[in-house]
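Visitor: Have a look at this fold, sequence not included:
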Ligand code: B12
């Protein structure tokens, strides 16, 4: 199966070329196209069947995510990401009762929208990608039946512990989750293991259960909230030594996932940084103002959803306009774990795959 994916990536990279001009036209017209696609799809007589009885809102959300994702694909030529993400889209929506037939219908409607709103040359360039996806429909179905790719391989000794913690998250049992963490954590080193070997893999499993249609978005929130409570409790025992070097840790604008950044923030703080942890979805200009005021040495940005890569780039270029002090920008999160190389394209100085590596990079700028 891996060979099949590699072949597809190669083929996509060779055949799908989109010029910056066409990518810009696509982005400029995205809201018009989105409205058009929503309207066209909603009035189809077979729409209830295609959506497997789901509300139209779920399709609208998918279309919004789609157009924002494709903006990033075209702008940064993320065709490898496209090949990796489309099977996931098929899988997660099909597991939530969407018919496989929905996808070619949807893609053909995007083609129509592109033709309607974009100049001819741009439309034919962009639609080559849509034609390619439609042509690969059967392969995408096949790939979507593979195991989820959001899995952290764990040594056996952690598997059982992770399983236990996960069960507390799914039961909604904050008390047991906290008791478990307290029993396990005896030193700062244990905090690192707890987060990387138990919390992060448990949350990846939570996501895979959502993807498989076995738990709801509300249960994802519940799991996050329990982890937040546990982390807050552990935080009160962090070292209180004098901290000087400042770091700001934030999720990208529009990004709702916050725990990856929070773990990075906690690890930096244990390492002696004075950390401003901002959480999810921070408006770009507000963040720039805070950076100007606090003058940190490090800005760490977390991006989970690929459609927020562009938001991170916009943020980085605004921050780069503040020329009067030296700031290093580190980026990470699931979107970059899929294709790490693009951190350079969007103007970051460094990328790290996890919180431990983030601290190793930051260390060199502490003094
Ligand atoms: C909880 C959760 C949510 C919550 C978030 C609540 C909150 N307050 O944070 C809610 C319900 C809001 C949510 C929403 C959505 N989610 Co969600 N979510 C998750 C889940 C289960 C856990 C996220 C998490 O905390 N992970 C644990 C952290 C610790 O891991 P991490 O982020 O990878 O962080 C580590 C590294 O990446 C790195 N790192 C992270 N940031 C940074 C930053 C720097 C600078 C550095 C150096 C390193 C670094 O270090 C961290 C620690 O080692 C994930 C599953 C998963 N695999 O993560 C899905 C997941 C991310 N969500 C997903 C999806 C699809 C969505 C939704 C579209 C639909 C939905 N499920 O509701 C929306 C989109 C929202 C939006 N518009 O942004 C998908 C994304 C798939 C994809 N194609 O990319 C996932 C992977 C689930 C899945 N398997 O399908 N989600």
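Guide: Everything's here; your move. Given the structure is predicted, the values throughout are model-derived calculations rather than measurements. Numbers count the residues shown, from 1 in each chain.
Visitor: For residue 347, the count of nearby residues, please.
Guide: Using other CB atoms under 10 Å, residue 347 is surrounded by 16 other residues. Quick note: C-beta positions are derived from backbone N, CA and C, even for glycine.
Visitor: All further residue positions should be reported with the first residue as 20.
Guide: Right, with 20 as the first residue, what we last looked at is residue 366.
Visitor: Can you tell me, leaving aside adjacent residues, what's nearest to it?
Guide: Of all residues not flanking residue 366 in the chain, residue 335 sits nearest, at 4.4 Å (CB to CB, 6 or more residues apart in numbering).
Visitor: just residue 103 next, same as before
Guide: Here the residue nearest residue 103, using CB to CB, 6+ apart, is residue 357, at 5.8 Å.
Visitor: That neighbour and residue 323 touch, don't they?
Guide: No - under the contact definition of CB atoms under 8 Å, residue 357 does not touch residue 323, with a separation of 10.4 Å.
Visitor: More neighbours: which of those two?
Guide: Counted by other CB under 10 Å, residue 357 and residue 323 do not tie: residue 323 has more neighbours, with 23 against 17.
Visitor: Could you look up the SS state of the nearest residue to the more buried one once chain neighbours are set aside?
Guide: Spatial nearest neighbour of residue 323, excluding adjacent residues (CB to CB, 6+ apart): residue 276 at 3.9 Å. In three-state terms, and counting by DSSP: H, G, I helix; E, B strand; the rest coil, residue 276 is coil.
Visitor: now residue 276: how far from residue 243?
Guide: 8 Å (CB to CB, to the nearest Å).
Visitor: Next: residue 352.
Guide: Distance from residue 352 to residue 243, by CB to CB: 15 Å.
Visitor: and what of residue 97?
Guide: Counting by CB to CB, the gap between residue 97 and residue 243 amounts to 27 Å.
Visitor: and the two? which has more neighbours close in?
Guide: residue 97 (23 against 18).
Visitor: that older thread, so the residue nearest to residue 323 makes contact with residue 298?
Guide: No - applying CB under 8 Å, one finds residue 276 not in contact with residue 298, separated by 10.2 Å.
Visitor: Where does pLDDT dip in the stretch 70-219 of the chain?
Guide: Within the stretch 70-219 of the chain, no stretch has pLDDT under 70.
Visitor: where exactly do the helices run in it?
Guide: 75-95, 98-114, 121-136, 139-154, 156-163, 175-190, 193-203, 207-212, 219-230 (DSSP state H, counting those that start in this stretch).
Visitor: how much does the last one deviate in direction from helix 193-203?
Guide: The one in question is helix 219-230. Orientation check (axes from the mean of the first three to the mean of the last three CA atoms, to 10 degrees): helix 219-230 against helix 193-203 gives 150 degrees.
Visitor: ditto for the fifth one
Guide: Between helix 156-163 and helix 193-203, the angle formed by their directions is 60 degrees, by the same axes, to 10 degrees.
Visitor: does the ligand sit close to helix 156-163?
Guide: No - shown here: helix 156-163 not in contact with the ligand (CB under 6 Å from any ligand atom), separated by at least 11.9 Å.
Visitor: And the residue lying closest to residue 219 once chain neighbours are set aside, how close does it get to the ligand?
Guide: Spatial nearest neighbour of residue 219, excluding adjacent residues (CB to CB, 6+ apart): residue 171 at 6.3 Å. Using CB to the nearest ligand atom, to the nearest Å, we find residue 171 at a distance of 9 Å from the ligand.
Visitor: what's near enough to touch residue 171?
Guide: By CB atoms under 8 Å, 6 or more residues apart in numbering, the contact list for residue 171 reads 219, 220, 223.
Visitor: Locate the residue nearest to the spatial centre of the chain within the secondary structure: which element?
Guide: The residue lying closest to the centre of the chain (CA atoms, centre = their mean) is residue 323, at 1.9 Å. Using DSSP states H and E, residue 323 is not contained in any helix or strand.
Visitor: Does it touch residue 278 like I think?
Guide: No - look at residue 323 against residue 278 with CB under 8 Å: they stay out of range, at 9.4 Å.
Visitor: ok so, going back, can you give me phi and psi for the residue nearest to residue 219?
Guide: phi -110, psi 120 (degrees, to the nearest 10).
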